[in-house]
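In: Sequence and computational prediction follow.
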Amino acid sequence: MTAPVLQAEGVVKRFGGLTAVNAVSFTVAEHEVLGLIGPNGSGKTTMINLISGALTPSAGTIRLRGRPLSGLRPDRVAQAGVGRTFQLVRVLPGLSVLENVMAGGVFGHRRAWGPALEAEARTLLQRVGLGGREGEAPEQLTYIDQKRLELARALAGDPALLLLDEWLAGLNPTELQTGIALIAGLRDEGRTIILVEHVMHAIRSLCDRCVVMNSGSRIAEGPPAQVLSEPEVVRAYLGEAEEEEREAAG
Ligand SMILES: Nc1ncnc2c1ncn2[C@@H]1O[C@H](COP(=O)(O)OP(=O)(O)OP(=O)(O)O)[C@@H](O)[C@H]1O
């Protein structure tokens, strides 16, 4: 059997006296879309930061295709094959939209350059809906467009694992539909993705499996329909998330 794309084993992260991630284990198989869900402050972003190398685990191991990632710097983790977007979008100011995407290729997993990279970056910009915007300054883009740009940049590195941290947050209903379709397209082309998301219908339609966190611990794991009906998940989270969704829908 081949190694899973990602394997987290007994991962712990403490911030002083607070245990933000408490002995969490899970795997992500090739071509799988895993939803990482849970109430605010349950440790999801911390987990993503541990995988991407922004944080170092206090204990436990994280492996990408069997190779330990824990302790590697974020740029090394990106080269090893982990691409990500951020909950609060981060574009590279001073570079054009096109250059921002090309930067993802230069520093990513596949390490492309030159005309081939530029052509690929243009294709990715088309794909995320930013075709024709190559020369613009990223700081001038709207929030949704910066999110699109970040996704294109992450894809330019051709990551073995793509981490999307609330990529759908803050989108209006039309943008949300487009965003879900975009992620569905990535899933259909066989990408391996961890999706941190509060938009429940996106989780239901996009994820093969979910890991549910609460207060730093994994409280459930399984297909979305199954975990989202477990009483502990409903108690810890679902009421809150669906309430938020109803409010957002007006
Ligand atoms: N750098 C840090 N220093 C201290 N505490 C932190 C740090 N980062 C996160 N925390 C704390 O760790 C806990 C988990 O936070 P985290 O951001 O991982 O939760 P989350 O599930 O991603 O929440 P949300 O859904 O609101 O994004 C919270 O109590 C948070 O305040």
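Out: Okay, I see it. As the structure is a computational prediction, the values presented were derived from the model and not from experiment.

In: Give me the residues contacting stretch 214-231.
Out: 19-26, 35, 38-39, 42-43, 200, 203-204, 207-213, 232-234, 236-238 (CB atoms under 8 Å, 6 or more residues apart in numbering). No exception for glycine: its C-beta is placed from N, CA and C like everyone else's.

In: Please name the residues that touch the most centrally placed residue in the chain.
Out: Taking CA atoms, centre = their mean, the centroid of the chain lies closest to L164, which sits 1.7 Å from it. With contact taken as CB under 8 Å, 6+ apart, L164 is in contact with 84-85, 151, 183, 193-197.

In: Confirm it sits in a strand?
Out: Yes: judged by DSSP: H, G, I helix; E, B strand; the rest coil, L164 forms part of a strand.

In: beta partners for it?
Out: L164 has these beta-bridge partners by DSSP bridges: L195.

In: sorry, back to before: and of the contacts of L164, the nearest to T56?
Out: R84 (16.2 Å; CB to CB).

In: how about a markdown table for the contacts of L164, with neighbour count added?
Out: Below are the contacts of L164 laid out as a markdown table (neighbours: other CB atoms under 10 Å):
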| residue | neighbour count |
| --- | --- |
| R84 | 26 |
| T85 | 24 |
| L151 | 26 |
| I183 | 23 |
| I193 | 24 |
| I194 | 27 |
| L195 | 24 |
| V196 | 24 |
| E197 | 25 |
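
In: gap between G94 and the ligand?
Out: Separation of G94 from the ligand (CB to the nearest ligand atom, to the nearest Å): 27 Å.

In: How about V12?
Out: Counting by CB to the nearest ligand atom, the gap from V12 to the ligand is 12 Å.

In: Then G66?
Out: Counting by CB to the nearest ligand atom, the gap from G66 to the ligand is 26 Å.

In: Keep only those of the contacts of L164 that are also close to the ligand.
Out: For the ligand, no contacts are drawn from the contacts of L164 by CB under 6 Å from any ligand atom.

In: of the residues you listed, the lowest pLDDT goes to which?
Out: Across the contacts of L164, the smallest pLDDT goes to T85, namely 85.

In: for the chain, longest helix please?
Out: The longest helix of the chain (DSSP state H) is helix 173-188.

In: contacting residues around E9?
Out: By CB under 8 Å, 6+ apart, the contact set of E9 is 25, 60-63.

In: which parts of the chain sit against the ligand?
Out: 15, 18, 20, 38, 40-46.
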